[in-house]
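Q: please find the sequence and the predicted model below.
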Amino acid sequence: MEAMATFSSLPALFSRPPVRFLASLSIPFLPNSRLVGRRFRNLRSVFTSCSADRVVARPSSEFRRKNSVAGHEDEKLQALRALFSRPGIGIDAYIIPSQDAHQSEFIAECFMRRAYISGFTGSAGTAVVTKDKAALWTDARYFLQAEKQLGSDWIVMRSGNLGVPTTIEWLNDVLTPGCRIGIDPYLFSSDATNELKEAISKKNHELVFLYDINLVDEIWGESRPKPPMKPIRVHEIKYAGVDVSSKLSSLRSEVFEAGCTAIVISMLDEVAWLLNLRGNDVPHSPVFYSYLIVDATGAKLFVDNNKVTDQVIAHLRTAGVELRPYEAILSELESLAAEGEKLWLDSSTVNAAVVNIYKSACDINGRFVEKGLAGLYRASPVAIAKAVKNESELEGMRNSHLRDAAALTEFWAWLEEEISRNEVLTEVEVADKLLEFRGKQAGFLETSFDTISGYGANGAIVHYRPEPESCSIVDNKNLFLLDSGAQYVDGTTDITRTVHFGDPSSRQKECYTRVLKGHIALDQAVFPENTPGFVLDVLARSSLWKVGLDYRHGTGHGVGAALNVHEGPQGISFRYGNFTTLQKGMVVSNEPGYYEDHSFGIRIENLLYVKEANVPNRYGGIGYLGFEKLTFVPIQSKLIELSLMTPEEISWLNQYHSQVWEKVSPLVDGSAREWLWNNTRPLPH
């Protein structure tokens, strides 16, 4: 899947600003059990009253038809604005992010509030509604999608483009001084709310925490989907590599060395990784909604008990992990504060409601210090521990990628044959067929993200998702970009290939070849230890830059082992704010691209893991690192302009295709094996 174009709307692990303490929000709040209980009772009543219908928003085409009527205002916006003046709310604007209470990238449908209110279904974006305006910010991956899906009542804000204000700059501009801006504090990290409060204070605006009500949920009402209730499963030790007790013991050592008595974990993939558990609460990610508190003698998992099987109970009991109701996390924080416990909280990921409840409880109990707070607010140590894969995790990734390669080989052989026979296939039908091939592979669970099946101009929409009523036909007249991935019981895959089933133009071949040259340059990189990923980004862009071309997304993101397809904190991007160093065992994507709006898109993606490099010297006593490939699927040769390739680059491709044949051919037969043979033949030097 394409690397993040912007990390501000994704889990903050991808790009952590320096953690700093800011003054607590000046919002009236009394952290008592009655308020805490009321918040969760309200949430529960909304959940239990929802129907089983999975309704998020009407099709964007319906919005466009409806909003084409002069003077008509979207009824959802009308209903939302009507709530602004309700007693106890009294706000002038409302911010609706994409996240759930755990800062997840992919979220359960019942939490897709921004999609429901706006009709925009991209995974990244922030909606802001005032009494007379509505705007949505999204990044370059979604510009064209937002234009298609948003109704005429909405303003598309293209984040990162010259002259486009940030959400705060826009609010400060359109609101008169002294307004009240409302948010649901469960949907923003503590750091994000502190920065928000500081920024809006320049115009004397007040940030209002609406603890007891989410305004979008209020108008969503009975049609809101029910919360996920599928069971949690144990992630076997042969795939995890390290048992839960050992992981918790290592974590406790770090917590105590930092001077804390316990740590709160709220990122869902961190909880799943620590406890060797997997779930089904979130599309594409094998995680489950929960919090985890680890202290000196044990751990408490806050989760809906209806999802916990007898096997999971036994698994947790062995590791000394107790079960608590999901909603009990807030009262537990109050109790810990009353007992004088010093907690480690990652304020860049833990939501503002949780952090504020703990801070306020500490204040009430006399543990508020003048120059700080009774707690440590620092990046979670679990993030790096999870990102550095052990040998069992890497072995699972290798094995799952080979099975995935077999599925893709069968798929591409089928698709090429269908196109040659002039069969009519839509982008959706192609994606569905790929899912069918993957579904036959051992250990397949689900896709790791919505398949990006983009033909021609749709391939230029970086995060395109085809819809049955509006998608294109795939034929031999233009480029076809397919970005897809899978979750297997032992690993997570993510691969992009761009092909042409006819005769590509010279322009397409040049652009494709320059993307491939960047892909090869990054794959072959050798770099010293302690190198952050952004240092390598230029390698993937250099060939494009030489002719004035570029792409707007990052070059590489971290990938979990049988976990989230986007994993932090490591990454390879032109944004140099992420100083996380690449370490042996980390997995990253290598996916440069190029996109011509309304014409075509190109992306070539493999997954790599970081390994020690065999170099003759160790200048300054420092070791060197490089990459090893996990992905083994042919790269289409007919799109390559050989005159632009160096002999070394041609050798790289020939060696890669030799590896593909050696590793994948034993897993396929018949027409798929024949296709693999034809597409791994060496190019002439």
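A: Sure, I can see it. Only a predicted model underlies this, so the values are computations on that prediction, with no experimental measurement involved.
Q: looking at this, Ala127 is in a strand?
A: Yes: judged by DSSP: H, G, I helix; E, B strand; the rest coil, Ala127 forms part of a strand.
Q: correct me, but it touches Ile117?
A: Yes: at 6.0 Å, Ala127 counts as touching Ile117 under the criterion of CB atoms under 8 Å. Yep, even glycine has a C-beta here, placed from its N, CA and C like the rest.
Q: spit out the residues that contact these two alike.
A: Residues touching both Ala127 and Ile117 (CB atoms under 8 Å, 6 or more residues apart in numbering): Ile96.
Q: distance check, the closest residue to Thr493 other than its chain neighbours against Leu210.
A: With sequence-adjacent residues excluded and distances taken as CB to CB, 6 or more residues apart in numbering, Thr493 is closest to Asp404, at 4.4 Å. Distance, Asp404 to Leu210, using CB to CB, to the nearest Å: 44 Å.
Q: flag the shaky bits of the stretch 51-200 of the chain, pLDDT-wise.
A: 51-73 (pLDDT under 70).
Q: how about 90 then?
A: When residues are selected by pLDDT under 90, those of the stretch 51-200 of the chain lie in 51-74, 105, 121-124, 139-148, 159-162.
Q: mind listing the helices for it?
A: 60-67, 75-84, 113-118, 143-149, 167-174, 190-200 (DSSP state H, counting those that start in this stretch).
Q: quick check, central residue of the protein?
A: Nearest to the mean C-alpha position of the chain, counting by CA atoms, centre = their mean, stands Glu105 at 3.9 Å.
Q: and that one, backbone torsions?
A: phi -80, psi -50 (degrees, to the nearest 10).
Q: distance check, the closest residue to Phe534 other than its chain neighbours against Phe111.
A: Leaving aside its sequence neighbours, Phe534 sits nearest to Tyr576 (CB to CB, 6+ apart; 4.4 Å). Distance, Tyr576 to Phe111, using CB to CB: 32 Å.
Q: what does Val535 give?
A: 36 Å.
Q: neighbour count: those two, which is higher?
A: Taking neighbours as other CB atoms under 10 Å, Val535 and Phe111 compare with Phe111 leading, 26 against 16.
Q: so what's the more buried one up against?
A: Taking CB under 8 Å, 6+ apart, we find Phe111 in contact with 100-101.
Q: ditto for Leu536
A: Taking CB under 8 Å, 6+ apart as the test, what Leu536 contacts is 522, 525, 527, 555, 572, 582.
Q: what about the strands in the stretch 101-250 of the chain?
A: Using DSSP state E, counting those that start in this stretch, the strands assigned to the stretch 101-250 of the chain run over residues 126-130, 134-138, 155-158, 180-183, 206-209, 233-234.
Q: check which helices and strands the fourth one sits against.
A: The helices and strands touching strand 180-183, judged by 3 or more CB pairs under 8 Å, 6 or more residues apart in numbering; DSSP states H and E, are strand 93-96, helix 190-200, strand 206-209.
Q: partners of the first one, with directions?
A: Looking at strand 93-96 with DSSP bridges, its paired strands and their directions are strand 126-130 (antiparallel), strand 180-183 (parallel).
Q: tell me the helix or strand right after the longest helix seen in the chain.
A: Assignment by DSSP state H gives helix 391-420 as the longest helix of the chain. Note on helix 391-420: by DSSP states H and E, the next helix or strand toward the C-terminus is strand 425-426.
Q: elements contacting that next one?
A: Applying 3+ CB pairs under 8 Å, 6+ apart, one finds that strand 425-426 contacts helix 391-420, strand 473-474.
Q: chain center to the shortest one: distance?
A: Here the centre of mass of C-alpha atoms in strand 473-474, compared against the chain's by CA atoms, centre = their mean, to the nearest Å, lies 28 Å away.
Q: any idea of the mean pLDDT for it?
A: Averaged over strand 473-474, pLDDT sits at 96.
Q: with the longest one instead?
A: Here the mean pLDDT over helix 391-420 is 98, rounded to a whole number.
Q: show me the helices in the stretch 201-350 of the chain, by range?
A: Using DSSP H, counting those that start in this stretch, helices in the stretch 201-350 of the chain cover 215-220, 237-240, 244-257, 268-275, 310-318, 329-338.
Q: any idea how far Trp677 lies from Val216?
A: 54 Å.
Q: verify the stated contact: Gly456 with Phe600.
A: Yes: under the criterion of CB under 8 Å, Gly456 is in contact with Phe600, at a separation of 6.0 Å.
Q: what sits in contact with each of the two?
A: Shared contacts of Gly456 and Phe600 (CB under 8 Å, 6+ apart): 478-479.
Q: the more surrounded of these two?
A: Using other CB under 10 Å as the criterion, Gly456 and Phe600 rank with Phe600 on top: 27 against 20.
Q: OK, contacts around that one?
A: Taking CB under 8 Å, 6+ apart, one finds 456-457, 459-460, 478-479, 481, 508 in contact with Phe600.
Q: filter these down to the ones in strands?
A: 479, 481 (DSSP state E).
Q: now, which of the contacts of Phe600 sits nearest Glu395?
A: Nearest to Glu395 among the contacts of Phe600 is Leu481, at 30.6 Å by CB to CB.
Q: check contacts around that closest one.
A: 452-455, 459, 496-498, 600-603.
Q: ok, Leu292 next?
A: Applying CB under 8 Å, 6+ apart, the residues near Leu292 are 264-265, 270-271, 274-275, 299-302.
Q: can you check Glu395 too?
A: So Glu395 contacts Asp490 (CB under 8 Å, 6+ apart).
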